[in-house]
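Peer 1: everything below, folded, please.
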Amino acid sequence: MDSSSRRLERRRVTRQLLPWTCFCSFQVQGSEGTLPQEGEGELFDLSIMGCRFSTDSRIIVGEDVALILLLMDGRKPLHVGHAEVRWVKNGFVGLVFRHIPPGDESQLSESLQLFAAR
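Peer 2: The predicted model follows:
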């Protein structure tokens, strides 16, 4: 079994491809002695557990990120209080969400249902 097959088997939820352009802004939490880094990106897919986005910013696997998702669905931006960088490749970043405030988590779930219906 190749690594991409194993990765698909590990995924617990389906990521939703986004039906229109969505954006994010993020802040990489600085490690001891460094300042936080801010950046922006374009979202490509999203689930209740994580997302994939593109960015020109330098991000390293294992870093902690606070994220604001602008889903362009007519609702307020969503806040992800804590996410972890799982992979970085060719300008794309994969995050796993560690903490989403309850109201934002409900809104994310509703937005994902909307995207799936399109």
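Peer 1: show me where this structure has helices.
Peer 2: Secondary structure of the chain (DSSP state H): helices located at 3-10, 102-117.
Peer 1: which of these has the lowest average pLDDT?
Peer 2: Ranked by mean pLDDT, these bottom out at helix 3-10, which scores a mean of 46.
Peer 1: contact partners for the most centrally placed residue in the chain?
Peer 2: Ranked by distance to the mean C-alpha position of the chain (Cα atoms, centre = their mean), the top residue is C51 at 3.2 Å. With contact set as Cβ atoms under 8 Å, 6 or more residues apart in numbering, C51 has these partners: R15, C24, L43, F44, D45, L67, L69, G94, L95, F97. (Glycine included, C-beta is placed from N, CA and C.)
Peer 1: list the beta-bridge partners for it.
Peer 2: On the basis of DSSP bridges, C51 takes part in beta bridges with L46, L95.
Peer 1: which residues of the chain fall in strands?
Peer 2: 16-28, 37-46, 50-54, 64-70, 78-89, 92-99 (DSSP state E).
Peer 1: so which of those gets nearest Q113?
Peer 2: The minimum distance between Q113 and these falls on strand 16-28, with 9.2 Å, by Cβ to Cβ.
Peer 1: buried set for stretch 80-89?
Peer 2: Going by neighbour count (16 or more other Cβ atoms under 10 Å), the buried part of stretch 80-89 is V80, A83, V85, V88.
Peer 1: closest to R58 among these?
Peer 2: Nearest to R58 among these, with distances taken as Cβ to Cβ, is V88, at 8.9 Å.
Peer 1: how much space separates that closest one from S54?
Peer 2: Distance of V88 to S54, given as Cβ to Cβ, to the nearest Å: 11 Å.
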